[in-house]
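Student: 3D model of this:
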Amino acid sequence: QLQLVESGGGLVQPGGSLRLSCAVSGFSLDAYAIGWFRQAPGKEREGMVCISGTDGTTSYADSVKGRFTIARDSAKNTVYLQMNLLKPEDTAVYYCKAVNPRYGDYWGQGIQVTVSS
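Tutor: Here you go, the predicted model:
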């Protein structure tokens, strides 16, 4: 069964850092692109960054470029999101998503990130 589980969220002060993990099971990272999304209260879910399954190419939204970094460890079947210089407006529920046009899309359950002093 294909599954994605996020971890690493929590409360952090403005300017601080967090690293989120997305542990996948039931499929290989090489077969799926993995994206990180977030949804703040009262707002639509937005895509922030993704990494290709085939060649590791990455793409970032302007709102997080230079502060967030995505990386994958195929041996651990895990994708990471390193978040630096966090701002209060980064507060949201963060989700990872596996995408394959042939096999479909799958979401993790989400994890809360709160940036506050």
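Student: and the next element down the chain from the helix or strand of the chain with the lowest mean pLDDT?
Tutor: In the chain, the helix or strand scored least confidently by mean pLDDT, DSSP states H and E is strand 104-107, which has a mean of 94. Following strand 104-107 in sequence order, the next helix or strand is strand 111-115 (DSSP states H and E).
Student: What residues of that next one count as buried?
Tutor: Ile111, Val113, Val115 (16 or more other C-beta atoms under 10 Å). C-beta: built from backbone N, CA, C; applies to glycine.
Student: what about Val5, neighbour count?
Tutor: When counting by other C-beta atoms under 10 Å, one arrives at 14 neighbours for Val5.
Student: what residues are up against it?
Tutor: By C-beta atoms under 8 Å, 6 or more residues apart in numbering, Val5 lies in contact with Cys22, Ala23, Val24, Ser25, Gly108, Gln109.
Student: who's the third one bridged to?
Tutor: Here Val24 sits in beta bridges with Leu4, going by DSSP bridges.
Student: That one against Glu6, yeah?
Tutor: No: Val24 is beyond contact range of Glu6, at 10.4 Å (criterion: C-beta atoms under 8 Å).
Student: Next, give phi and psi for the most centrally placed residue in the chain.
Tutor: Relative to the mean C-alpha position of the chain, the nearest C-alpha, by C-alpha atoms, centre = their mean, is the one of Trp36, at 2.9 Å. Torsion angles at Trp36 (phi, psi; degrees, to the nearest 10) stand at phi -110, psi 130.
Student: surely it meets Arg45?
Tutor: No: between Trp36 and Arg45 there is no contact under C-beta under 8 Å: 10.9 Å.
Student: any residues in contact with both of these two?
Tutor: With C-beta under 8 Å, 6+ apart, Trp36 and Arg45 have common neighbours Tyr95.
Student: Spatially nearest residue to Ala31 (excluding sequence neighbours)?
Tutor: The spatial neighbour of Ala31 that comes closest, neighbours along the chain excluded (C-beta to C-beta, 6 or more residues apart in numbering), is Gly53 at 5.6 Å.
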